[in-house]
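**Q** predicted model follows, preceded by the sequence.
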Amino acid sequence: MKPILKWAGGKSRLASRICDAFNGPCEGTYYEPFAGSGAVFLHRKARGTIKRAVLSDANGKLMAFHRAIRDQVDDVIQAIAELPREDWRERYYEVREAYNKGPWEGPEHAARFAWLNRAGYNGLYRENRLGGYNVPMGSYARLTLPEPACFWQVSHLFRDVELLDGGFDLILPRIGQGDHIYCDPPYVPLTATANFTAYCKEPFGPEQQRKLAEMAEHAATKGARVVLSNHDVPLVHDELYVRARGFEMVGQPSVARAISRNAAERKAVGEVIAAIGPRKRAA
Ligand SMILES: C[S@@+](CC[C@H](N)C(=O)[O-])C[C@H]1O[C@@H](n2cnc3c(N)ncnc32)[C@H](O)[C@@H]1O
C-alpha cells in the first residue's frame, strides 16, 4: 500500500524490512511519532499486524492533511478536482499563496497540500521562519496526482487511528507493555557540514537525537518494542543506539536518496535499522 504523499525520507521501499524488526504483530498500541507519509503504518495496517494506532508528527499541517483524509476523503477528492491541472505551471504560485493563507485544517487545506506535494520541487516540505511554505515549482513534464482509489484506501486504513500534532515525546506518558513504536527521525547528517532536509521550523539536532534514544530505552523498560531508523554513522552506533544499553542492529540497508538536488548526487547511502525491547515473537 503506497502512501498518498511523496515524503523526504519516506520508507515505502524499506517498510517490509522495518516491519520484520518488530518480530510479529502488535498486541498493544502501535505508535509512529515521526509519521511523515505514514508508509510503515500503512504497510503494517494493510497486512493486519496492528489494531490500535497513534500517529503523530511535529508538522501540524501534515497531520491536518492526514485527518482530512481520514474524516472527509470525498470532500478532499472533490477539492483536488477543482485545482489546476493542464495549466498547473502557470498557477503554481497562486496555489502556494492560497495554501499559505490557510485555513490549515479541512478538505481545502488537504487538497492544496496534496497538490503542492506533487507539483512542488521533489516532494519537499519546507517552510520559512514565519511558517510560510516556500518550496519552488517542480520541473515535471506533467502533473501526476494520486488516483481517488489511493485516497479511499488510505482513508480506510486510517479509520479509528489517532492522528496528533506534536513532538515525539508526546507519546511518552502513554507507552506500555506490548506496544510497538517506529521512530524515523530526521537523520543525523552524513558529514559535519551537511544540512538535512528541513521538515519543520525546529531543527532536529544532537540533543533531540539523544532524547529520542533515551525515550526508546525508557519504552523498552515498559515492555514496548522500539524500532528506529537513522544514517549508518559512528554517532549512531557509538553514542545513540548503543549495544551496551540494549540496542540491537537489525538491518543495514542501502537506499538511494531521492532528495538530492541533482540526479548524479542521488547515490546510495547507508542506513541502520536498530531495535530495543522485547524480541519475543507473538504466538
Ligand atoms: C524521515 S521523516 C519520516 C518519514 C516517514 N517514516 C515516511 O515514511 O514518510 C521525519 C519526520 O519527522 C518529523 N519531525 C521533525 N522533527 C520532529 C519532532 N521533534 N518530533 C516529531 N516529529 C518531527 C518531520 O516533520 C518528518 O515528517
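**A** Received the coordinates, thanks.
**Q** please count neighbours and contacts with C-alpha atoms only from this point.
**A** Noted.
**Q** tell me the contacts of the residue in the stretch 51-200 of the chain that the ligand sits nearest to?
**A** As assessed by CA to the nearest ligand atom, the ligand sits closest to G167 within the stretch 51-200 of the chain, at 3.3 Å. Residues counted as contacts of G167 (CA atoms under 8 Å, 6 or more residues apart in numbering) are 33, 56-58.
**Q** can you pick the most crowded of these?
**A** Neighbour tally across the contacts of G167 (other CA atoms under 10 Å): the maximum, 27 neighbours, falls on P33.
**Q** so what's the residue count around E94?
**A** Using other CA under 10 Å, E94 is surrounded by 13 other residues.
**Q** what helices and strands are in contact with the biggest helix by length in the chain?
**A** What stands out as the longest helix in the chain, according to DSSP state H, is helix 206-221. Here helix 206-221 touches strand 225-231, strand 268-276, going by 3 or more CA pairs under 8 Å, 6 or more residues apart in numbering; DSSP states H and E.
**Q** same thing but 6 Å
**A** Of the remaining helices and strands, none touches helix 206-221 by 3 or more CA pairs under 6 Å, 6 or more residues apart in numbering; DSSP states H and E.
**Q** who in the protein is up against the ligand?
**A** Within the chain, the positions near the ligand by CA under 6 Å from any ligand atom are 7, 9-11, 33-40, 57-59, 167-168, 184-186, 199-200, 204.
**Q** which ones among those lie within helices?
**A** Residues of the residues of the chain next to the ligand located in helices (DSSP H): 39-40.
**Q** show the buried residues in the residues of the chain next to the ligand.
**A** By neighbour count, with 16 or more other CA atoms under 10 Å, the residues of the chain next to the ligand hold 7, 9-11, 33-40, 57-59, 168, 184-186, 199-200, 204 as buried.
**Q** in strands, which of those fall?
**A** Counting by DSSP state E, the part of those found in strands is D57.
**Q** hang on, the earlier thing: keeping just the C-alphas, turn the longest helix of the chain into PDB.
**A** Extracted in PDB, the C-alpha atoms of helix 206-221 (Å, rounded to 0.1, in the frame of the first residue of the first chain):
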ATOM      1  CA  PRO A 206      22.200  16.100  18.500                       C
ATOM      2  CA  GLU A 207      20.200  16.900  21.700                       C
ATOM      3  CA  GLN A 208      17.000  15.700  20.100                       C
ATOM      4  CA  GLN A 209      18.700  12.600  18.800                       C
ATOM      5  CA  ARG A 210      19.900  11.800  22.400                       C
ATOM      6  CA  LYS A 211      16.400  12.400  23.900                       C
ATOM      7  CA  LEU A 212      14.900  10.100  21.300                       C
ATOM      8  CA  ALA A 213      17.400   7.300  22.200                       C
ATOM      9  CA  GLU A 214      16.600   7.800  25.900                       C
ATOM     10  CA  MET A 215      12.900   7.600  25.100                       C
ATOM     11  CA  ALA A 216      13.500   4.300  23.300                       C
ATOM     12  CA  GLU A 217      15.300   2.900  26.300                       C
ATOM     13  CA  HIS A 218      12.600   4.100  28.600                       C
ATOM     14  CA  ALA A 219       9.900   2.500  26.400                       C
ATOM     15  CA  ALA A 220      11.800  -0.800  26.400                       C
ATOM     16  CA  THR A 221      11.800  -0.900  30.200                       C
END
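**Q** taking strand 268-276 as reference, get the angle to it.
**A** Between helix 206-221 and strand 268-276, the angle formed by their directions is 40 degrees, by axes from the mean of the first three to the mean of the last three CA atoms, to 10 degrees.
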